[in-house]
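Visitor: Provided below are the primary sequence and the corresponding predicted coordinates.
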Amino acid sequence: MVYNERIDTSGSGVVQVLLLDGSTFTVGPNSSLVIDKFVYNPKTGTGSLAASFSKGALRFVGGKLSKNEPGVRVNTPADALTVRGGVFQGIVHGPNRALFAFVYGKHLSLARGGRVSVLRTASTVFAISGAGPAQTRDMVQADADLILAALSGKKTKLAAGKGVKGKPWPYYYGISPTGPYPDQPDIRGLYYDGATTQILLNGARPVPLPDPLRPPVPQLPPTGPCNSITHC
Amino acid sequence: MVGWMKWAAIALAVAGLVMGGATLGVAGDSTVAVKRLGPPDVEARREALLKQMIARPADLDLAFEYAQLSSQVGDYEAAVSTLERMLIYAPNTARLQLELGILYYRLGAYEVARSYFAQALANPNVPPEVAAQIRLYLQQLALAADPPAFSATWFSAIRWESNANAGPGTQSVTLNGIDFTLDQQSVGRSGWSALNIGTMHYAWDLKNQGDRFEFDALFYSTAYFDKELNDIDLDFFEVTLGPSFNMKRWGLDKTRVFLYGIGDLAYLGYDEYFTAPGAGVRLLTFSAERSVIDARIETRWREFDDSKDLPFNSDRSGAQTRFGATYSYYLTPGFVVTTQLYGQRENADVGYWSDWEIAFSGGFAWTFANPLWQARYPWTWQVGGGVIRRDYDDPDPTIDPFEAEEDTMWWTRTALVLPVAETWALVPQVEYRDQHSNYDIRRYDDLTTMLGVQKRF
């Protein structure tokens, strides 16, 4: 049993908390996590886990407790998350600036401002930028890069760290992750991240692989509908 | 343990991972460093290892064994969190970043997988074999991850054919047992033409666990420069529309089923040639690590129109049903082999236009760095070939009252895709077709060469 165990990381520290049911919290630099309650019976595989995450970057990988109802609860300044099964990660800068990504599992729900929003499809996010409800949208590559950079203590030039006035957070230069026609961060993001530009130059960039039977041009079958006046 | 000794131990453990070639996530590639245990033994061992890891979190040997066993039983989450902890002790280790990327890929978390692959490739000390593996996965991700909602292509080419009208090579043919001399117009005739092909794709996300509504359009046009061949100028339009379903809800990962309606319209020599509503079902799956299977069944109810040049064209009307599958396998990041098999049944109003068709083809596409100068984009060389066999139901009374037509066509094609900019490419292509038939008048061969420009949107 664990109660009120606090973990604060420094400007360069990365910590992983491993619990007896197999759950882990990986916490990036400048972060603050409290394990409010961890009670676990290894014989039955039951118990409960609740934590509070007030700032920084976090990845939670669920163990046995998250696979049972009601899941695992993580309180944040942006209100309470509940994850059932699986993996979620996120960044918290304050009550009105946070990004939570549902990576894998049954669902991730957010209780904020009196309403509960639920993500059931993997690779979707809650984006909180302002006092209103969280925006629900698909994860873009830039989100994953931003969170991994925050967890690893690295910087990324892709996003405006403190946001851009008048734009929702996170704001990614050159791409807009919202709207009916989201940009393709695979391509645009490449121009902002030196590492992935290197991938492009080394030829690892995904080339739409042509079909050897129908090279880049969709062809009618070789017989065609009609190639001869005498044979139509 | 003294500071430098600890780091030496970590380095040795990670080096052991690399040298042992122990790839946790790649079945078929892995050299399993842990003795294979039966399922109950695995769980008992994992429980014991978990307790030991909590007591000794810096022991990388324990962590490695736990991650191996977790991956073995399919508990990728446990393997992921263990490797993340190892990465804390051995930061920026390309091999660990690769393994994490692979595990996230297996979980279907493609964006997170790509992030780890990018980190590993950016590592100046990334071993070449690790970099090659990462590139393979990046190629797979390009296919497995959801494509952009909108995409389009345009292709324009100048084409020369040795036998544009697919006529017999000789003026002397046998019809109904009698020798005929065909007029010049009916004999195989070479010709230059302009070819234009456009495709467009749009997918609406139904926001229902990855289901989509898909629209596809195809436009195909050939126009011959020789006035004598204008009668075979062809304009063809096809649209398909319908939902696609993410099969993960039924445990079939990276698999999608498409249901769609089809609409075809064709003009030949600028007269309406046929219209065809239809329907189809398609299965697209990337479930095996380096493989893609694309299988479909389509039916079109083709209504052919009579015209001045083709007064009996409507005899060809009827249902056309095709069922087939294409299988592609990535031998390396830049080399894919493909095979295709299909069968087709065409019903027509008259038996001599009704037929069964079966076809088999194969080929490869090889992507490689520009061999001539240091260029940003690689080239792709494709080669393909195959055979099509067609057997008609009834004899054609105008040609042979006793024997039904049987055709066998052999074809081969090669093309180069030469990107000149991110979305532009030059495409030279050569194709040869040779049709054998028991009907003289249906025998022909045709060499086609073309040079085209492709633009992707």
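Guide: In hand now; what should we look at? Keep in mind that this is a model prediction, so the values were computed, not measured.
Visitor: Could you report the separation of residue A:58 from residue A:30?
Guide: Applying Cβ to Cβ, to the nearest Å, the value for residue A:58 to residue A:30 is 12 Å. C-beta: built from backbone N, CA, C; applies to glycine.
Visitor: of the two, who's got more company?
Guide: Set residue A:58 next to residue A:30 and count neighbours by other Cβ atoms under 10 Å in any protein chain shown: residue A:58 wins out with 26 against 16.
Visitor: Using CSV, write out the CA atom coordinates for the host helix or strand of that one.
Guide: Residue A:58 is located in strand A:46-61, with elements delineated by DSSP states H and E. Taking only C-alpha atoms (Å, rounded to 0.1, in the frame of the first residue of the first chain), the coordinates of strand A:46-61 have been written out as CSV:
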residue,chain,number,x,y,z
THR,A,46,-7.5,-6.3,-7.4
GLY,A,47,-7.1,-2.9,-5.7
SER,A,48,-7.1,0.7,-6.6
LEU,A,49,-4.7,3.3,-7.9
ALA,A,50,-5.2,7.1,-8.0
ALA,A,51,-2.6,9.8,-8.7
SER,A,52,-2.3,13.5,-9.1
PHE,A,53,-0.2,15.1,-11.8
SER,A,54,0.1,18.9,-11.5
LYS,A,55,2.7,19.8,-14.1
GLY,A,56,5.1,18.5,-16.7
ALA,A,57,5.1,15.5,-19.0
LEU,A,58,3.7,12.1,-18.1
ARG,A,59,3.2,8.7,-19.7
PHE,A,60,1.1,6.1,-17.9
VAL,A,61,1.3,2.4,-18.9
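Visitor: In it, which residues are buried?
Guide: Of the residues in strand A:46-61, A:47, A:49-53, A:55-61 count as buried by neighbour count, 16 or more other Cβ atoms under 10 Å in any protein chain shown.
Visitor: can that strand be found next to chain B?
Guide: Yes. Using Cβ under 8 Å from any Cβ of the partner chain as the criterion, contacts between strand A:46-61 and chain B involve A:59, A:61.
Visitor: Each with direction, which strands does that strand pair with?
Guide: On the basis of DSSP bridges, the sheet neighbours of strand A:46-61 come out as strand A:24-27 (antiparallel), strand A:32-41 (antiparallel), strand A:72-76 (parallel), strand A:87-94 (antiparallel).
Visitor: what does the average pLDDT come to for that strand?
Guide: For strand A:46-61, the mean per-residue pLDDT is 92.
Visitor: now stretch B:356-366
Guide: In this model, stretch B:356-366 has a mean pLDDT of 91.
Visitor: and that stretch, how far from the chain's centre?
Guide: For stretch B:356-366, the gap between its own C-alpha mean and the chain's C-alpha mean amounts to 12 Å (Cα atoms, centre = their mean, to the nearest Å).
Visitor: Need the residue closest to the centroid of chain B.
Guide: Note on chain B: the residue nearest the mean C-alpha position is residue B:328, at 6.2 Å, using Cα atoms, centre = their mean.
Visitor: what about it, which helix or strand?
Guide: Per DSSP H and E: residue B:328 is located in strand B:318-332.
Visitor: Determine how far that strand lies from the middle of the whole chain.
Guide: Taking Cα atoms, centre = their mean, one finds the center of strand B:318-332 at 9 Å from the center of the full chain.
Visitor: now stretch B:79-92
Guide: Distance of stretch B:79-92 from the chain centroid (Cα atoms, centre = their mean) equals 36 Å.
Visitor: what mean pLDDT does it have?
Guide: Throughout stretch B:79-92, pLDDT has a mean value of 89.
Visitor: Could you do stretch A:27-38 as well?
Guide: In this model, stretch A:27-38 has a mean pLDDT of 92.
Visitor: ok, now stretch A:109-119?
Guide: Along stretch A:109-119, the predicted local confidence has a mean pLDDT of 88.
Visitor: what about that stretch, start to end distance?
Guide: Chord length of stretch A:109-119, first to last residue, is 6 Å (Cα to Cα, to the nearest Å).
Visitor: Can you give me the buried ones in it?
Guide: A:109-110, A:112, A:119.
Visitor: wait, does that stretch make contact with chain B?
Guide: No. Contact between stretch A:109-119 and chain B, assessed by Cβ under 8 Å from any Cβ, is absent, since the two come no nearer than 10.8 Å.
Visitor: got the angle between whichever helix in chain A runs longest and strand A:87-94?
Guide: Of all the segments assigned as helix in chain A under DSSP state H, the longest by residue count is helix A:141-152. The directions of helix A:141-152 and strand A:87-94 differ by 80 degrees, with axes from the mean of the first three to the mean of the last three Cα atoms, to 10 degrees as the criterion.
Visitor: which other helices and strands contact helix A:141-152?
Guide: strand A:46-61, strand A:87-94, strand A:97-104, helix A:185-188, helix B:110-122 (3 or more Cβ pairs under 8 Å, 6 or more residues apart in numbering or on different chains; DSSP states H and E).
Visitor: quick check: angle from that helix to strand A:97-104?
Guide: In terms of direction (the same axes, to 10 degrees), helix A:141-152 departs from strand A:97-104 by 100 degrees.
Visitor: C-alpha coordinates for helix A:141-152, CSV please?
Guide: Only the C-alpha atoms of helix A:141-152 are listed here, as CSV (Å, rounded to 0.1, in the frame of the first residue of the first chain):
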residue,chain,number,x,y,z
GLN,A,141,2.5,13.3,-35.5
ALA,A,142,3.5,16.7,-34.1
ASP,A,143,1.5,15.8,-30.9
ALA,A,144,3.5,12.6,-30.4
ASP,A,145,6.8,14.3,-31.1
LEU,A,146,6.0,17.1,-28.7
ILE,A,147,5.1,14.8,-25.8
LEU,A,148,8.1,12.5,-26.4
ALA,A,149,10.4,15.5,-26.5
ALA,A,150,8.9,16.7,-23.2
LEU,A,151,9.3,13.2,-21.6
SER,A,152,12.9,13.0,-22.8
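Visitor: average pLDDT across it?
Guide: Average pLDDT, helix A:141-152: 86.
Visitor: in stretch B:394-414, what's buried?
Guide: Residues B:394-396, B:399-400, B:404-405, B:407, B:409, B:411, B:413-414 are the ones in stretch B:394-414 that count as buried (16+ other Cβ under 10 Å).
Visitor: Now render these as a markdown table, adding secondary structure and distance to chain A.
Guide: Supplementary listing: the buried residues of stretch B:394-414 in a markdown table, determined by DSSP: H, G, I helix; E, B strand; the rest coil; distance: Cβ to the nearest Cβ, whole Å:
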| residue | secondary structure | distance to chain A |
| --- | --- | --- |
| B:394 | strand | 16 |
| B:395 | strand | 15 |
| B:396 | coil | 10 |
| B:399 | coil | 10 |
| B:400 | coil | 14 |
| B:404 | strand | 15 |
| B:405 | strand | 10 |
| B:407 | strand | 8 |
| B:409 | strand | 6 |
| B:411 | strand | 5 |
| B:413 | strand | 7 |
| B:414 | strand | 8 |
